[in-house]
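K.L.:
What follows is a predicted protein model with its sequence.
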Amino acid sequence: MTIATLDQKMETFRRRLLELEYTARSTRQPAPIQSACEDLFTVFEELRVAEEELRQQNEELIATRQTVEAERQRYQELFDFAPDGYLVTDAAGQIQAANLAAGRLLSLPCERLVGIPIQVFASDADRRRLRLLLIDLARSAQTHSCELQLKSRDKRSFPAALSVAVIRDQVEPGQPVSLRWLIRDMTERRQAEAALRESHAELAALNAELRAEIAARKRFEAKHPALAMQNARLFQQAQAARERLQVLTRQLIQAQETEHRRIARELHDEIGQALTAVKIDLQGAQHAARSPALKQRLDDGVATVEHALQQVRGLSRDLRPSLLDEAGLVAALRWYVDRQAQRGRFAARFVADAIEPRPAPEIETICFRVAQEALTNIVKHAQAQQVEVALRTHATDLELTIRDNGLGFDVRAARAQAKRGTSLGLLGMEERVLLGNGRIDIVSAPGQGSLIQVRLPLNPATTDRQPAEGDRHDGHPRSPG
C-alpha cells in the first residue's frame, strides 16, 4: 500500500467519523455512543500523527538509501577502474566479482570470470601452493602476500604479486565469508630488475677494465717518467685547445646573431621602407592613369612590390624577430609556433610558465634558435598533424620541450649525416645548448614522431665572454614586421 492510498483511506475514514458523530448528536443518541465516537476521533488523530512520523521516517530512509547507493556506485567505480586486478572469491576460491584490470590480466571479460575457481589461473608449478594458501586463509585472520606464476586464458604466463584479505562472518566469528584478492603483474618490474642487474654487471666489468688500465698506465709511467710528463703536457694542450675552440665557437655564434640582427634591421628599416615608398608611388600613379593597359601594368607592379615587401618582412623576422628582444622568449615562441603551424598546416599547442625575471639574453636566444630549427624541420620533413611546444621553469633551470606525431627519424643516422656535413641542424642545436651549459635529449624513431627536450640554466655564468649585440635587450623598440 502506497502513502497516497493510505492518505485517501484515512481521509475517507475521517469523514465517516465526522458523519457518525454528527448523526449521534443530531439524533440524541445515548452518551456512550457519543463518547465512543469521540474516542474514535481521538484515535484517528493519533493515527494521523503516527502517519506523519512514518512519512518522515520514510523520507529519511529514502535519503539514506540514496546516499548508500551513491557510495556503492562510487565504490564500484573505484573497484572497476583500479589499475591493479581485484577479485572477490568465496572461501574455496570461486570468483564472485572481478574488476576490469583483472579481466585484462586473465584475458577474460570480468563478468565471465564469475564462477571460475581462481586455482584455474595458477601455473602447474604453483597450483599446489595456491591450494595450501586457501587452507591457511581459512584458519588465519591475517592478510597474506605471496608471489605466484599465473597464466591467463590465452596461455600467457606472468609473475604476479598477490595480497589476500579475509572477510569473516559476523554471526559466526572465525568462519571466512569471502576473500579479497589484489593481483599485480610483476612482468615489467622483473624486466627492469634484470636490466638493472645486467647494467650493474656491465658497470662492474668496465670498472675492472678501467682499474686494470690505470694500473697498467701507472706501471708504464713508472718505467717511462719522461713519456708520462709528455702525455700530461699533451693532455693539457688538448684541453686548452678545446677550451679555445669553445670560446671561438661561442664568439662565432655571437657574431652570427649580431649580423642577423643588423641585416634584419636593414631589411626592415631600409629595404622595407624603400619598397613601401615604391608601392605608394605606384598606387598614386594608378589613380592618375587613364589607359586601361597602363592601369593593368601598374596593378601588376603594386602586387609584385607587395609580394616582395612580404618576403622582406618574413626574412627579417626569421633572421632576428624583434619580439625576442622587446617582449621576451614566451611571446616570441608563441608567435613563431603559430606562424609555423599555419605554414605546416598542423595543430599546434603552446604552453609556458610565467618566467619572472626574464632569463639571461643568451639563454633566450638559444631556446628560440633550437625551437626555430626543430619547427622548421617539422614543417619540411615530419608531415606531423599535432605539435606541442612547452616552456617550463624549475628551481634554477629552464626546460623547453618540442613534441610531434610525425614520421620521425633515425637519430643516429641523422647525427652521422651531420658529421659528414650533409645536414648540420642537429649538431647546431646540440652545440648551442652545450655552449649554454645545458643538456639536450633527442628521441625519435621512424614512424613514432620525435621529442626534443632542452634544459638550460636560467642565469648561467658569463665568464670569458660578454653578451653580443644580438643577445642584448637594448630597449630600442621596432615593429615586428
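P.N.:
That came through fine. What you see is a predicted model, and the numbers here were worked out from it, not measured in a lab.

K.L.:
could you pull out the strands for the protein?
P.N.:
85-89, 95-98, 144-151, 157-168, 176-185, 347-352, 386-393, 397-404, 439-444, 450-457 (DSSP state E).

K.L.:
what about those strands, which gets the closest to Leu294?
P.N.:
Among these, strand 347-352 comes nearest to Leu294, with 45.2 Å by C-beta to C-beta. No exception for glycine: its C-beta is placed from N, CA and C like everyone else's.

K.L.:
ok, the closest residue to Gly436 other than its chain neighbours - how many residues close by?
P.N.:
In space, and not counting its chain neighbours, Gly436 is closest to Ile366: 4.6 Å by C-beta to C-beta, 6 or more residues apart in numbering. Here the number of neighbours of Ile366 (other C-beta atoms under 10 Å) works out to 28.

K.L.:
In contact with Ile366: list those residues for me.
P.N.:
The neighbours of Ile366, taking C-beta atoms under 8 Å, 6 or more residues apart in numbering as the test, are 432-433, 435-436, 438, 454, 456.

K.L.:
and it, how far is that from Ala354?
P.N.:
20 Å (C-beta to C-beta, to the nearest Å).

K.L.:
Would you convert the strands of the chain into a markdown table that also reports mean neighbour count, distance to Ala216 and mean pLDDT?
P.N.:
Below are the strands of the chain laid out as a markdown table (neighbours: other C-beta atoms under 10 Å; distance: least, C-beta to C-beta, whole Å; pLDDT from 0 to 100):
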| stretch | mean neighbour count | distance to Ala216 | mean pLDDT |
| --- | --- | --- | --- |
| strand 85-89 | 22 | 55 | 91 |
| strand 95-98 | 21 | 63 | 92 |
| strand 144-151 | 16 | 46 | 89 |
| strand 157-168 | 16 | 44 | 88 |
| strand 176-185 | 18 | 48 | 86 |
| strand 347-352 | 15 | 53 | 93 |
| strand 386-393 | 18 | 47 | 93 |
| strand 397-404 | 21 | 41 | 93 |
| strand 439-444 | 16 | 34 | 91 |
| strand 450-457 | 20 | 38 | 93 |
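
K.L.:
out of these, nearest to His224?
P.N.:
Nearest of the strands of the chain (C-beta to C-beta): strand 439-444, 39.1 Å.

K.L.:
Not counting the closest one itself, show me its contacts.
P.N.:
370, 408-411, 426, 429-430, 433-434, 450-455.

K.L.:
and the angle for it with strand 450-457?
P.N.:
170 degrees (axes from the mean of the first three to the mean of the last three C-alpha atoms, to 10 degrees).

K.L.:
With just CA atoms, put strand 439-444 into PDB.
P.N.:
Output in PDB follows, covering the C-alpha atoms of strand 439-444 (Å, rounded to 0.1, in the frame of the first residue of the first chain):
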ATOM      1  CA  ARG A 439      71.600  19.500 -21.900                       C
ATOM      2  CA  ILE A 440      69.700  18.300 -25.000                       C
ATOM      3  CA  ASP A 441      67.900  15.000 -25.500                       C
ATOM      4  CA  ILE A 442      66.600  14.000 -28.900                       C
ATOM      5  CA  VAL A 443      64.300  10.900 -29.000                       C
ATOM      6  CA  SER A 444      62.800   9.700 -32.300                       C
END
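
K.L.:
Name the strands paired with it and say parallel or antiparallel.
P.N.:
strand 450-457 (antiparallel) (DSSP bridges).

K.L.:
Roughly how far does the nearest residue to Asp404 once chain neighbours are set aside sit from Trp181?
P.N.:
Nearest non-adjacent residue to Asp404, counting by C-beta to C-beta, 6+ apart: Ala384, 4.0 Å away. Look at Ala384 and Trp181: by C-beta to C-beta, they are 45 Å apart.

K.L.:
what residue ranges in the stretch 201-350 of the chain score low on pLDDT?
P.N.:
228, 245-275, 278, 281, 286, 289, 305, 308-320 (pLDDT under 70).

K.L.:
I'd like the strands of the chain laid out as TSV, including distance to Ala70.
P.N.:
Shown next, in TSV, are these (distance: least, C-beta to C-beta, whole Å):
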stretch	distance to Ala70
strand 85-89	21
strand 95-98	19
strand 144-151	32
strand 157-168	23
strand 176-185	22
strand 347-352	36
strand 386-393	38
strand 397-404	40
strand 439-444	45
strand 450-457	42
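
K.L.:
for those strands, which one sits closest to Arg219?
P.N.:
strand 439-444 (37.5 Å).

K.L.:
Tell me what angle the closest one forms with strand 397-404.
P.N.:
10 degrees.

K.L.:
Off-centre distance for strand 439-444?
P.N.:
18 Å (C-alpha atoms, centre = their mean, to the nearest Å).
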